[in-house]
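Colleague: Give me coordinates for this.
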Amino acid sequence: MKNSFKKNLPFFEGWYFKHYNGQDTVTFIVGRNIGVNGSGSAFIQVLTNDNSYNFNYPLDTFRFFKKKLIIKVGTSYFTDKGIYVDINTGKFQLKGKLLYSNLTPIKYPLMGPFNLIPKMECRHEIISMDHNVFGNLKINSETISFDNGSGYIESDMGHSFPKNYTWLQCNSFNNIKASIMLAVADVPVLKTSFKGSLCVINYNNQEYRFATYLGAKVDFCNNYCIILKQRKYKLVVKFNASAGQKLLAPKQGNMSKIIYEWTNTKANFWFYNGDNLVFYGNTDNCSYEIVK
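Modeller: Below you'll find the model as predicted:
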């Protein structure tokens, strides 16, 4: 495994592993952050239906093998084949193993030509839109089974999260089989900025993508509704915003920005091709973050 570090500082990289069993959601956000002065740490954040937890580790306990996506933080491992988690602070214990199968990668890198823009504050990628999950996690005295569950994996790297953004993700709908990720953010480039959007939809064995570099426009965006348009396609999302659980996010390489994520909110999605409704989906398990 590799642990060399030759990135420009400040810097962070993190991975988001979400698991859902039809009732419980447990998400792990793992990675490392390094500030301008070269000091930093590895971390594991845990997000459940009702709580969030943050655990810091010495930077030298972090290992990352890119080609096989193996991340080690402390004594826990996170991979695209599954995870093994071992956290014990005395007051909090979390241990278990989950296995993944039938991952759904996207067709080409999410950022597209934006990956060529130097010094972007944050680069986003999707590793799996949806996959099967099997196994158990024990959180303190409670054992949670994820057999026949679903999962989602994405990653970020750069030095800071956007100052303003909205992010939504869902792969557990009540009435259809689909998976959707959507992000709208203010993107600074040099001395200016623009409102960028990224969205991937997997439905009926097809991938649809909205992106600023493909001509997508943010027609409307507030705390309760987002409308994206791109040529003949339109996506309308309405959701119930609430405070969510507290997480830490990067700002100039330091995990000092406080954000909030909710994992089990009601949302409705309408996807149109011209005047034709391709699908309508409703869910009680949409994850979202809103930072203004």
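Colleague: So residue 143 versus residue 135, what's the distance?
Modeller: Noted for residue 143: a distance of 11 Å to residue 135, by C-beta to C-beta, to the nearest Å. (Glycine included, C-beta is placed from N, CA and C.)
Colleague: Show me which of the two is the more surrounded one.
Modeller: residue 135 (18 against 11; other C-beta atoms under 10 Å).
Colleague: Dig out what the more buried one forms beta bridges with.
Modeller: Note on residue 135: beta-bridge partners residue 98, judged by DSSP bridges.
Colleague: Does it touch residue 100 like I think?
Modeller: No: taking contacts as C-beta atoms under 8 Å, residue 135 lies outside contact range of residue 100: 9.2 Å.
Colleague: Name the residues contacting each of the two.
Modeller: Here residue 135 and residue 100 have residue 82 as joint contacts, going by C-beta atoms under 8 Å, 6 or more residues apart in numbering.
Colleague: Tell me the bridge partners for residue 187.
Modeller: residue 194.
Colleague: Just to check, it is in contact with residue 120?
Modeller: Yes: if you go by C-beta under 8 Å, residue 187 and residue 120 touch, sitting 7.5 Å apart.
Colleague: In terms of neighbours, single out the busier of the two.
Modeller: Set residue 187 next to residue 120 and count neighbours by other C-beta under 10 Å: residue 187 wins out with 21 against 18.
Colleague: Just the pLDDT for the more buried one.
Modeller: On pLDDT, residue 187 comes in at 85.
Colleague: likewise the one 4 residues further on?
Modeller: The predicted local distance difference test score for residue 191 is 75.
Colleague: if I look at residue 56, how far off is residue 160?
Modeller: 19 Å.
Colleague: Hmm, I typed the wrong one, I wanted residue 122.
Modeller: 6 Å.
Colleague: Residue 55 now?
Modeller: 22 Å.
Colleague: Pull out the buried positions in the helix or strand where residue 229 lies.
Modeller: Per DSSP states H and E: residue 229 is located in strand 225-230. Of all the residues in strand 225-230, those buried under the rule 16 or more other C-beta atoms under 10 Å are 226, 228, 229, 230.
Colleague: Give me the residues contacting the very next helix or strand once past it.
Modeller: Using DSSP H and E, the helix or strand that follows strand 225-230 towards the C-terminus is strand 233-239. Strand 233-239 has contacts (C-beta under 8 Å, 6+ apart) with 168, 182, 199, 201, 208, 210, 219, 224-228, 265-273, 286, 288.
Colleague: Buried subset of those residues, written for ChimeraX?
Modeller: One line in ChimeraX is enough to select the buried members of the contacts of strand 233-239, burial here meaning 16+ other C-beta under 10 Å:
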select :168,182,199,201,208,210,226,228,265,267,268,269,271,272,286,288
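Colleague: mind listing which of the contacts of strand 233-239 are in strands?
Modeller: The members of these that map onto strands under DSSP state E are 168, 182, 199, 201, 208, 210, 219, 225-228, 265-273, 286, 288.
Colleague: Just give me the neighbour total for residue 203.
Modeller: Neighbours of residue 203 (other C-beta under 10 Å): 18.
Colleague: Distance-wise, check the residue nearest to residue 13 when sequence neighbours are not counted relative to residue 79.
Modeller: With C-beta to C-beta, 6 or more residues apart in numbering as the criterion, residue 13 has its nearest non-adjacent residue at 4.0 Å, and that residue is residue 157. Using C-beta to C-beta, we find residue 157 at a distance of 18 Å from residue 79.
Colleague: Sort out which residues of stretch 125-140 are buried, please.
Modeller: 125, 126, 127, 128, 129, 130, 131, 133, 134, 135, 137, 139.
Colleague: would TSV of the residues you listed with secondary structure, pLDDT and distance to residue 153 be doable?
Modeller: Output for the buried residues of stretch 125-140, formatted as TSV (DSSP: H, G, I helix; E, B strand; the rest coil; pLDDT from 0 to 100; distance: C-beta to C-beta, whole Å):
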residue	secondary structure	pLDDT	distance to residue 153
125	strand	97	9
126	strand	98	8
127	strand	98	4
128	strand	98	5
129	strand	98	9
130	strand	98	10
131	strand	98	8
133	strand	98	11
134	strand	98	15
135	strand	98	15
137	strand	98	16
139	strand	97	20
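Colleague: tell me the two of those residues that are most distant?
Modeller: Greatest spatial distance among the buried residues of stretch 125-140 (C-beta to C-beta): 125 and 139, at 28.2 Å.
Colleague: Return the distance of the closest residue to residue 117 other than its chain neighbours relative to residue 113.
Modeller: Closest residue to residue 117 apart from its sequence neighbours, by C-beta to C-beta, 6+ apart: residue 189 at 6.3 Å. To residue 113, residue 189 is 13 Å away according to C-beta to C-beta.
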